[in-house]
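Visitor: Show me how the following folds:
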Amino acid sequence: MPRSFSSNEVTFQLSRSRRSVPRSRAALHAVLGGRGVSRDVLDAAELVLSELVTNALRVPVSSDRQVGVRIARSPTVGLLRLEAGDARSGTPEVRAPGDEETGGRGLLLVEAMAHRWGVEERAGGIGKTVWAELKAPDIVAEPVGREVSAVIVQPGQHVRVWGEWRVVRTVRIGPYATGGLAAVLGLDEGPALRVPAAEPRYFRKRPLIAGNPALDPCRTVKTMSREC
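Guide: I've put the predicted structure just below:
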């Protein structure tokens with residue numbers, strides 16, 4: 001999956017494989033991690049990107065043709081742009097499938113969830129790019145936390161889990177049955193998070209409690225956040 005990065009966007013190519021849709025979603029989470037995006041926007045973006053990539057993968061072209069994906073943040077105007085390009089020209093149409101049809105609702109979903117969407121010719125002149133923009137008013141240019149290995153987190157820090165911040169209550173390191181070490185993070189809500197000890201996660205410090213310097217997390221917890 002070749003990639004290119006800039007400060008506010010990432011582009012990459014996906015093979016024509018069923019694994020490409022979850023890979024695109026993983027890339028989306030990586031791009032938006034720590035950027036202040038709400039859970040609702042993240043869920044909508046995940047669904048829209050999945051539909052765009054799925055539609056591009058279904059285009060009848062040779063198996064060696066890859067799908068181009070672009071994820072771009074625009075913090076100044078509060079927009080998130082998602083693109084999927086394929087090697088076939090033309091304009092996809094929004095269908096109104098019958099109740100008994102199991103498919104054909106992808107662009108209906110995109111139209112319903114996106115602020116706007118459209119189709120453009122690819123820059124190289126071969127094929128098209130289907131794009132969608134979502135309103136993301138809370139998106140920020142700089143991450144509000146820092147990506148560090150899970151093994152070094154300590155109780156009291158916040159961890160980014162599926163688009164939301166959770167307070168780490170307990171930390172336990174143990175072996176995986178298949179080998180290697182796992183970090184088991186007990187959270188303030190939901191089940192414990194079990195991840196490879198070296199896996200990068202977004203963490204941030206606890207909020208400062210006004211009027212009580214003793215509870216400043218930069219003094220009471222060893223944190224890797226850039227805010228300290």
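
Visitor: quick one: low-confidence ranges for the chain?
Guide: 1-7, 34, 95-105, 141-148, 151, 162-163, 200-202, 205-228 (pLDDT under 70).

Visitor: Quick check: buried residues in the lengthiest strand in it?
Guide: Assignment by DSSP state E gives strand 164-175 as the longest strand of the chain. By 16 or more other CB atoms under 10 Å, the buried positions in strand 164-175 come out as 165-166, 168, 171. Any C-beta I mention is one placed from the backbone N, CA and C, and that applies to glycine too.

Visitor: how many other residues sit next to L187?
Guide: Neighbours of L187 under the rule other CB atoms under 10 Å: 16.

Visitor: That one pairs with what?
Guide: Beta-bridge partners recorded for L187 (DSSP bridges): V168.

Visitor: Now do the spatially closest residue to L181 that is not a sequence neighbour against G179, distance only.
Guide: Closest residue to L181 apart from its sequence neighbours, by CB to CB, 6 or more residues apart in numbering: A197 at 4.0 Å. As defined by CB to CB, to the nearest Å, A197 lies at a distance of 12 Å from G179.

Visitor: ok so, going back, distance to G127 added to the buried residues of strand 164-175, as TSV?
Guide: Shown next, in TSV, are those (distance: CB to CB, whole Å):
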residue	distance to G127
W165	40
R166	41
V168	46
V171	48
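
Visitor: Pick out the most distant pair among the residues you listed.
Guide: W165 and V171 (16.4 Å; CB to CB).

Visitor: returning to what we had before: which one of A197 and G179 is surrounded by more residues?
Guide: A197 (17 against 6).

Visitor: So the more buried one sits against V184, correct?
Guide: No. Judged on CB atoms under 8 Å, A197 makes no contact with V184 at a distance of 9.7 Å.
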